[in-house]
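In: Need coordinates for the following:
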Amino acid sequence: MKKLVTAFAACMIAGLVSAQVSSQNVVGYNTVLLKVGVNAVAPSFDQVSGGSMDLQAVIPGTTAGLKKGGAAGLADNIMIWDLANTKYNLYFLHDGSGKNNLPKANKWVDNATQLVASNVAVSASSGLFYVNNNTSNETVVIAGQVIADTVKISAIPVGVNMIASPYTSEWYLNNDGPDGKTIVDWAASAAKKGGAAGLADNVMIWDLPNTKYNLYFLHDGSGKNNLPKANKWVNNATGLVASNLFIAANEGFFYVNNNTVALSLTNAAPYTLNP
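Out: Numbers count the residues shown, from 1 in each chain. Just a heads-up that it's a prediction; the model follows:
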């Protein structure tokens, strides 16, 4: 089911978000470009009071430029993966139109129940789909408390998951960024490694210029002359170690846990590390 949903999402994707880190103080914010169509967004913040952000606060309904309406097809949508029920939950931005609907104005409404969404948590290491049903790209600000922990452990269930960096910083998956910081020690990680994509954990990252997903797998160094690939993300199409492979702040991507148990992924805060 998850793979079918992912394939559906890949067909819909119009482009992932681009994000710029504007602040890394205790309270920070990112500017995010929502392209027309489907965007993978990942708020890398907690609430100012601590804990996961509430859906209503991630992208407030009062934000200028967002499309509102009395039904999902007339408004911007947010889709969040419901792991327990193996489906996406869809929310739309209500304009308050219709009988007795004024309290719903500028609120994200659950499409299934038609009630204002409440207590819908969005964690700093998870992603969501934002469907911009407007006719123009829109720039929004995502704000909150910058993650204070020097180490963040993200739980990745078995199967396909949309995840993100828990920090407001670019995440070079092969730790080959300009500053050489090791965000995840893949050698020590329990992530599944192998000599082919079907034998290892995968990541799928949207390639906007070529309008497709690129697939990478975590190599174990097995096979002739492959030792330099050990604990590196390898491009499945070329068989080469991917260089400068990074996830932007507030950008979601797919992680496929091909193990039989959930993965606890330990991320170091980039801005606490020495280059």
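
In: make it CA atoms for all contacts and neighbour counts henceforth
Out: Will do.

In: what's the spacing between the residue of the chain positioned farthest from its centre and G70?
Out: Relative to the centre of the chain, and counting by C-alpha atoms, centre = their mean, the farthest-placed residue is K99 at 36.1 Å. When distance is defined by C-alpha to C-alpha, to the nearest Å, K99 is 10 Å away from G70.

In: and what of W206?
Out: Distance from W206 to G70, by C-alpha to C-alpha: 31 Å.

In: do the same with S44
Out: 30 Å.

In: ranges for the helices of the stretch 51-200 of the chain?
Out: Per DSSP state H, counting those that start in this stretch, the stretch 51-200 of the chain carries helices over the ranges 55-58.

In: all strands for it, in order.
Out: Taking DSSP state E, counting those that start in this stretch to define them, one finds strands in the stretch 51-200 of the chain at 53-54, 77-82, 87-93, 108-110, 121-122, 128-132, 138-146, 151-156, 159-163, 171-172.

In: what helices or strands is the second one leaning on?
Out: The one in question is strand 77-82. Applying 3 or more C-alpha pairs under 8 Å, 6 or more residues apart in numbering; DSSP states H and E, we find strand 77-82 packed against strand 87-93, strand 128-132.

In: Any buried residues in the first one, and which?
Out: Neighbour-count burial for strand 87-93, counted by 16 or more other C-alpha atoms under 10 Å, picks out Y88, L90, Y91, F92, L93.

In: residue contacts, the second one?
Out: In other words, L90. Residues in contact with L90, defined by C-alpha atoms under 8 Å, 6 or more residues apart in numbering, are N77, I78, M79, I80, D110, N111, A112.

In: what's the pLDDT at the third one?
Out: What the model reports as pLDDT for M79 is 94.

In: buried sites along stretch 178-195?
Out: K181, T182, I183, V184, D185, W186, A191, K192, K193, G194, G195.

In: Spit out the contact partners of N235.
Out: For N235, the contact set (C-alpha under 8 Å, 6+ apart) comprises N214, L215, Y216, F217, V241, A242.

In: Now the two most distant members of the residues you listed.
Out: The most widely separated members of these are N214 and V241, with 13.1 Å between them, by C-alpha to C-alpha.

In: between these two, who's got more neighbours?
Out: V241 (22 against 14; other C-alpha atoms under 10 Å).

In: low-scoring stretches of the stretch 151-275 of the chain, by residue?
Out: For the stretch 151-275 of the chain, applying pLDDT under 70 flags the ranges 275.

In: and which of the contacts of N235 is nearest to A155?
Out: Nearest member of these to A155, counting by C-alpha to C-alpha, is F217, at 18.7 Å.

In: which residues touch the strand or helix carrying the closest one?
Out: Following DSSP states H and E, one finds F217 within strand 212-218. Contacts to strand 212-218, defined as C-alpha under 8 Å, 6+ apart, come from residues 10, 191-194, 196-197, 200-207, 230-237, 242.

In: measure G239 to F217 for me?
Out: Using C-alpha to C-alpha, G239 is found at 9 Å from F217.

In: before we move on, what about N111?
Out: As for N111, its distance to F217 is 36 Å (criterion: C-alpha to C-alpha).

In: now swap in G127 and tell me
Out: Distance, G127 to F217, by C-alpha to C-alpha: 20 Å.

In: what do you get for V234?
Out: Taking C-alpha to C-alpha, one finds V234 at 5 Å from F217.

In: Between these two, tell me which one has more neighbours.
Out: Legend: neighbour count by other C-alpha under 10 Å for V234 and F217, higher for F217 (29 against 26).

In: Give me the nearest residue to that one, chain neighbours excluded.
Out: N202 (4.4 Å; C-alpha to C-alpha, 6 or more residues apart in numbering).

In: tell me the contacts of that neighbour?
Out: L215, Y216, F217, L218, Y255, V256, N257, N258.

In: Phi and psi next, for W233.
Out: phi -80, psi 120 (degrees, to the nearest 10).
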